[in-house]
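Colleague: Sequence and predicted structure below; questions after.
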Amino acid sequence: MCPEMALHRKSRPPIHPFMGENLRYWRERRGLNVPALASSISVGKRMLYAVEAGTANLSYPTAEEVARTFRIRVEAIWDHRPPPEQ
């Protein structure tokens with residue numbers, strides 16, 4: 001790996017611990033599958049699968065778009081774990 005790539009890798013922000021869990025929770029609660037959500041917010045399916053798997057983060061603008069789609073506050077995507085199922 002070239003030094004520039006190594007530097008880029010080290011400078012990536014850490015993966016947010018609850019983002020993937022929260023995204024999956026809200027997506028399933030709204031009855032959407034990953035392809036449907038990806039299509040509605042113009043993000044690739046692979047990106048959403050990666051976020052839900054805990055290997056990527058949503059950008060803030062994308063998180064805002066997800067929040068609008070789910071009609072929730074954007075903080076609900078990363079602030080805390082989703083509420084337990086009733």
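Modeller: Sure, I can see it.

Colleague: hey, let's count contacts and neighbours off CA atoms from now on
Modeller: Will do.

Colleague: Tell me where the model's unsure across this structure.
Modeller: Regions of the chain meeting the criterion pLDDT under 70 cover residues 1-12, 81-86.

Colleague: now the helices: where do they sit in it?
Modeller: Under the criterion DSSP state H, the chain contains helices at 3-10, 19-29, 34-41, 45-53, 60-70, 75-78.

Colleague: Need the residues that contact stretch 25-38.
Modeller: For stretch 25-38, the external contacting residues (C-alpha atoms under 8 Å, 6 or more residues apart in numbering) are 44, 45, 48, 49, 70, 82.

Colleague: from those residues, which would you call buried?
Modeller: Buried subset of the contacts of stretch 25-38 (neighbour count, 16 or more other C-alpha atoms under 10 Å): 45, 48, 49, 70, 82.

Colleague: got TSV for the residues you listed, with distance to residue 22 too?
Modeller: As requested, the buried ones among the contacts of stretch 25-38 are arranged in TSV below (distance: C-alpha to C-alpha, whole Å):
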residue	distance to residue 22
45	17
48	12
49	13
70	12
82	6
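
Colleague: farthest pair in these?
Modeller: Largest separation among the buried ones among the contacts of stretch 25-38 by C-alpha to C-alpha: 45 and 82, giving 21.9 Å.

Colleague: how many neighbours does residue 80 have?
Modeller: Residues contacting residue 80 under the criterion other C-alpha atoms under 10 Å number 13.
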